[in-house]
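Visitor: let me see the structure of the following:
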Amino acid sequence: MTRAASAVAAVCLILSILATAAKKPDEYADLSFIVLNEENDRPIRNAAIVLHEVDQHGRQASQGVELKTDSEGKSAFAGARYGKLRIQIIGRGFQTFGQDFVISEPKQEFTIKLKRPVRQYSIYDK
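Guide: The predicted structure is shown next:
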């Protein structure tokens with residue numbers, strides 16, 4: 001093998017290694033949640049936490065994950081893929097919470113405070 005061919009082979013090997021290193025494998029995060037009553041910061045037990053991945057067009061995936069909070073209002077999920085995630089929280093007697101978050105760190109904590117429903121007014125009320 002000539003010196004030039006050896007140099008080309010070495011450059012190709014280096015470029016191959018760099019290309020492999022530049023590809024990020026799917027990264028996953030551990031998520032933890034605390035769901036509280038906004039009025040008094042008390043935990044809300046048995047609230048449903050629904051997680052859906054969201055694509056680049058804002059559409060949520062058809063399959064999701066549902067968690068329940070414990071008596072301290074806590075829940076956790078290990079293995080959430082990095083990217084946009086829609087988090088919805090449903091608690092009995094509270095307004096439903098929904099928001100999209102970007103998951104980009106190995107561990108992320110969410111403290112969500114749910115509101116009581118507001119009084120609705122009607123022209124028929126006297």
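
Visitor: how close does the spatially closest residue to residue 82 that is not a sequence neighbour sit to residue 99?
Guide: Closest residue in space to residue 82, ignoring its immediate chain neighbours: residue 27 at 4.4 Å, by C-beta to C-beta, 6 or more residues apart in numbering. Any C-beta I mention is one placed from the backbone N, CA and C, and that applies to glycine too. Relative to residue 99, residue 27 is positioned 21 Å away (C-beta to C-beta, to the nearest Å).

Visitor: and residue 80, by the same measure?
Guide: Separation of residue 80 from residue 99 (C-beta to C-beta): 15 Å.

Visitor: the two: which has the busier surroundings?
Guide: residue 80 (19 against 11; other C-beta atoms under 10 Å).

Visitor: could you give the bridge partners of the residue nearest the centre of the chain?
Guide: Nearest residue to the geometric centre of the chain (C-alpha atoms, centre = their mean): residue 85, 3.9 Å. Beta-bridge partners recorded for residue 85 (DSSP bridges): residue 53, residue 101.
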